[in-house]
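Participant: Mind looking at a prediction? Sequence and model below.
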Amino acid sequence: TDKAIKDLDHAVSIEPDNIEVWVSRSDFFRSTGQLKNASADIKQALSLDPDNLQLQKRAIPLFLASGNFDMVREGKALLEKALESDVEDIQFQLLKARSLLAEGTAPAIEDARQILQEITKDQPENTEALVLLGDIAIKKGQSGIAMEAALAGLAYEPNNKSLLLLKARSEAAKSPVLAI
């Protein structure tokens, strides 16, 4: 990894206006768990092309997961900007739902649930949305609804690990004896 970071540092030093260099180094930092550095580099890439939706899709999860109040706030603002420019983008909608779930308030969770239901209405095979909906249902004590979400997804992807785990958590919530 030392050689890789030296090469990436060198690339940044000779091409500081190259978005891909910043993105590559950000990806490297993210893959090695250096989220603060990953966020800084993706932020630099965004400064070069602030309206690039693909960059925003990389930046928003990093910012929201940073744990830094200012960075989280910046991530939320970037997410709102992205949704304004492309309200139909499923990835942005999923990020919005995750952001609302992280808030943890009843109104935010309800807003997230509504977003996720809209996604699954349009894309009934969307595993991420189904799992999030199932998780919400389990937390509300609605194991039957969680099971429905798991089974709906398993109809499209019968071997999907996330959906199988959701099914098991649903069974466990309903009756610990049934969980397998």
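Facilitator: Everything's here; your move. Treat the numbers as computed from the prediction; the structure is a model and nothing was measured. Numbers count the residues shown, from 1 in each chain.

Participant: could you pull out the helices for this protein?
Facilitator: 2-14, 19-31, 35-48, 53-65, 69-85, 90-103, 106-122, 127-139, 143-156, 161-174 (DSSP state H).

Participant: Show the contacting residues for the closest residue to Ser66 other than its chain neighbours.
Facilitator: Once flanking residues are discounted, Ser66 sits nearest to Ser39: 5.6 Å by CB to CB, 6 or more residues apart in numbering. Yep, even glycine has a C-beta here, placed from its N, CA and C like the rest. Each residue near Ser39 by CB atoms under 8 Å, 6 or more residues apart in numbering is listed here: Ser26, Ala59, Leu62, Phe63, Ser66, Met71.

Participant: Now the fifth one: phi and psi?
Facilitator: Yep, that's Ser66 we're talking about. Main-chain dihedrals, Ser66, degrees, to the nearest 10: phi -70, psi -30.

Participant: okay, it: pLDDT?
Facilitator: For Ser66, the model assigns a pLDDT of 87.

Participant: same deal with the first one?
Facilitator: Among the per-residue scores, Ser26 holds a pLDDT of 96.
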